[in-house]
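[1] Quick one: sequence plus predicted model below, questions after.
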Amino acid sequence: MTQDTAPITEDSHLYLIDASGYIFRAFHALPPLTRPSDGLPVGAVQGFCNMLWKLLEELKGDDRPTHFACIFDKGSYTFRNDLYPDYKAQRPPPPEDLVPQFPLIRQAAIAFGTPALEMEGYEADDLIATYARQAEEKGARVTIVSSDKDLMQLVSDKITLLDTMKNKRLSFEEVEAKFGVGPDKVIDVQSLAGDSVDNVPGAPGIGVKTAATLINEYGDVLSLLERAEEIKQPKRRQTLIDHADQIRVSRDLVTLKCDVPIEAPLETLKVRDPDPATLIEFLEGMEFRTITRRVRETFEAEGDLPDPVESEGVDHDQYETVTTEAQLAEWISRIRKTGYVAVDTETDALDAVSSNLVGISLSTNVNEACYIPVGHVSVSEGELNLSNDEKPEQLGLDKVITALKPVLEDAEILKIGQNFKYDLAVFSRYGITVAPYDDTMLLSFCLHAGMHGHGMDELSERFLSHTPIAFKEVCGTGKSQISFDRVELDKATRYAAEDADVTLRLWKLFKPLLAKQKVTRVYERIERALPAVISRMELEGVKVDRDALSRMSSDFSQRMAGYEAEAHELAGKDFNLGSPKQLGEILFGDMGLPGGKKTKTGAWSTDASALEELAAAGHDLPRTIINWRTLSKLKSTYADALQEAINKKTGRVHTSYSLSAAQTGRLSSTDPNLQNIPIRTEEGRKIRNAFIAEPGNVLVSADYSQIELRLLAHIADIDALKNAFRDGLDIHAMTASEMFGMPIEGMDPMVRRQAKAINFGIIYGISAYGLSNQLGIPQGEARDYIKAYFEKFPGIRKYMDDTKEFAKEHAFVQTIYGRKCWVQGIKAKNAAQRSFAERQAINAPIQGSAADIIKRAMINMPGALEEAGLKGRMLLQVHDELIFECPEAEADTLISTVRRVMEKATEPALQLSVPLVVDARAADNWADAH
DNA sequence: TAAGTCACG
DNA sequence: GACGTACGTGACTTAT
């Protein structure tokens, strides 16, 4: 595992556990407890474990630790004994029942994954002081878990003490109450008052009260000693004069050292999750039943991730660079013998559409991997360079392709890739249709969607405890980045072969888990087929009208300039309209408008809804800003960016779909995102007009009507809804009619709109607040609507309760294809966090099932089009919509084929209890087809 | 790199 | 009754 660290910043919160102090306190405060099997005293250990668990698991928000350490005393001899031999001399030896618990508590700290720190010659308090001050200097918060008065001198506005037994934080007030002075004078009071427990002498006859009075009058103890002559009470004066040296020594004794030469730097104290197996083993060994159960539940609730496998370490030196035909033949025969092979391609650019193959890596076993360079050039290629480095020795591209094609297309040989969609696209451009294949990214996605990311580096870290060589280590970064064809073969081999090696290791780990986790169906019937289908769509791309976009861009620019001038005029000064910060200062500062919402960082909210409100109150500037923002968004994100995205080679725009980004199983679209092309406003729809078909062709858009509500009806099994869909009713009107008891005929559009908002709200895991916001009505009214809804559709409430219950028990929810969506935080103590998880749990089966269905349709589509003898191709997916391009003449046939495939997407394997309905239309641009 | 905003289903 | 919220995404801009 990598030694992960985290720098200390203002947002950090360091917890320092005064472990040695805790032991004594717990021993006396808690009832004695012995281990059932052998009577070993373990009371303090149990208290300690409970405390750590509570601190690490249950604290949220600001109080949540980001850095954490347990600090121990080491030995009994410290530098203070050199100052004063009697320091702590009269302490009785620790109780017999406590002695065996010291080492156990150290073990406990380690089992919890926290550093257990100590240092010869210093007390725990000195280490705590040193760490606390260092963190304070960086602006971090510090919590010292202790109630030891000796630590009170450290309290500041950043540093507090936490007494976990009384669950009380000690800050200025408490310190003042105890010592009669602030934290900065605690040392002075202590050096006068002394301490009988620690055997600090102080000044005889002077207690805390007197000391505080003196210090408050004289400032500090050293000044007091200097001016001792001025003291009026003769006895007190004499005491101070006689014992000045002793008081000075006392001062040194009570002053905590803030400059201990610590060994573990602050940033290494980063909080990390305990290793479940280690922790549970320790707790079980202690025979602590309750906390063992709690810990186990927590880890199991988070979904038991397989432990990182204990496998052979990655050895880059075992990788082979294949540059001869003999070597290549040897690898091919090895693959045929194994029956499977991990494959990875390296190219000279990131996009699969136009990049060239540079090399191929293969792996058939752990540490058994090779790299076959086919397109490497000299390191200085393309530069004016007089050094005589030559193009490296390598096999010709054609030779390698010809040799590998039969293997890659062999139905008996399984090809294994990570994010294989990319490699499929590359190979397809060299005439190879790779099949069959497995994709480790998708295996991971089926097993663990919602738990973590599924990129190779993260998976390798998580499951193999190995950090692969970073791409930027090989190719550099930023301006000096080179393309992979210029990497020297040695380096390229280590990097590329490692990718194949890691992919194979992940496959060996994940593949058997599919059945165990019961996600074989969603993998085999859905995910596995997608890379091939989607890689084809990506390669197709879509045509956009560059000139139209360019004209729009100019038009937007001009009008933006108008709004900008207007805004500056209204504001009375120039400012950057794109800066929410500056805008907030002008609206709510200069102009003194009433600010509504705040953002989570405390800044005034200037989003559209806030500006709308101000505009409605009769202010002009907000409206101007809204207008400017609309145009600015359209210009930069669409009109300009889409032109940039036109591929030089194909003249079309090729998005990239991410198959494992959305936890519900939806696809997402990037570079550019073609799933958020404007449609809701007139102005925005112009952008959609620029998505066009080739001459003689049309675009066809086919979208599922109300698919999520239909799925809600099916999944929650609501007869009224199912019947409404079977009867082809307007579902929102029907909902309104049921709720408010009015006829559908002649319904007020506003009433229907409210019902529509409620229907959407249901799918999102409704809340009164959310609904009131959406409809602009008071929360109470929203609450009444929801109540009315649930009275009319009690089955929906039952579905929601059952789903939450299921999620709480299993930590995941499922779609109709058995896709698991893991939900984190469903058991959180924090209500907001828990509610969020509950809404996710309610939404995920619906959104996820819809995603499953359209994916099934997409998988069936190419075959259906071909069977129907159609030339049309599938270009885009937008969650419930598919976009095709086809010759004008075949539009009608294509529409009926597409509609059939989409409406019957679940059959015959799965029969829904509601009909799926697809609307489809053809036009020469996307706006009109939709 | 984070925060704020806004485009979509 | 108080929490602080509608579910799921990605891109662009400003500010640090």
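    Good, I have the coordinates.
[2] Skipping its backbone neighbours, what lies nearest residue A:43 in space?
    Distance criterion C-beta to C-beta, 6 or more residues apart in numbering; nearest residue to residue A:43, sequence neighbours excluded, is residue A:33 at 3.9 Å. All C-beta atoms are positioned from the backbone trio N, CA, C, and that covers glycine.
[3] The one you found reaches residue A:42, doesn't it?
    Yes. In terms of C-beta atoms under 8 Å, residue A:33 counts as a neighbour of residue A:42; the distance is 5.8 Å.
[4] Could you report the neighbour count for the residue nearest to residue A:43?
    Here the number of neighbours of residue A:33 (other C-beta atoms under 10 Å) works out to 16.
[5] got the contact list for it?
    Applying C-beta atoms under 8 Å, 6 or more residues apart in numbering, we find residue A:33 in contact with A:41, A:42, A:43, A:46.
[6] Which residue lies nearest the spatial centre of chain A?
    In chain A, the C-alpha nearest the mean C-alpha coordinate belongs to residue A:452, at 7.2 Å (C-alpha atoms, centre = their mean).
[7] Residue A:400 versus that one, what's the distance?
    36 Å (C-beta to C-beta, to the nearest Å).
[8] Tell me which residue lies farthest from the centre of chain A.
    residue A:234 (69.0 Å).
[9] What score does that residue have for pLDDT?
    What the model reports for residue A:234 is a pLDDT of 84.
[10] got any ranges where the stretch 251-400 of chain A has weak pLDDT?
    A:297-307, A:310, A:381-389 (pLDDT under 70).
[11] 90 instead?
    Residues of the stretch 251-400 of chain A meeting the criterion pLDDT under 90: A:252-253, A:271-281, A:284-285, A:287, A:289-312, A:350-352, A:378-391.
[12] Tell me where it has strands.
    For the stretch 251-400 of chain A, applying DSSP state E, counting those that start in this stretch gives strands covering A:320-321, A:340-347, A:357-365, A:368-373.
[13] do you know which of these lies nearest DNA strand B?
    The closest of these to DNA strand B is strand A:340-347. By C-beta to the nearest atom of the strand, the value is 23.4 Å.
[14] helices or strands up against that closest one?
    strand A:357-365, strand A:414-417, helix A:420-428, helix A:489-516 (3 or more C-beta pairs under 8 Å, 6 or more residues apart in numbering; DSSP states H and E).
[15] Show me what counts as buried in the longest one.
    Think helix A:489-516. For helix A:489-516, burial by neighbour count (16 or more other C-beta atoms under 10 Å) applies to A:489, A:492-511, A:513-514.
[16] coming back round to it: nearest to DNA strand C, out of the helices and strands packed on strand A:340-347?
    helix A:420-428 (14.2 Å).
[17] can you count the residues close to the residue in chain A that DNA strand C sits nearest to?
    Using C-beta to the nearest atom of the strand, the closest approach of chain A to DNA strand C is made by residue A:761 at 2.2 Å. A count of nearby residues for residue A:761, using other C-beta under 10 Å, gives 20.
[18] With adjacent residues omitted, what lies nearest to it?
    That would be residue A:771: by C-beta to C-beta, 6+ apart, it lies 5.0 Å from residue A:761.
[19] Kindly provide the distance from the one you found to residue A:112.
    Here the criterion is C-beta to C-beta. By it, residue A:771 lies 43 Å from residue A:112.
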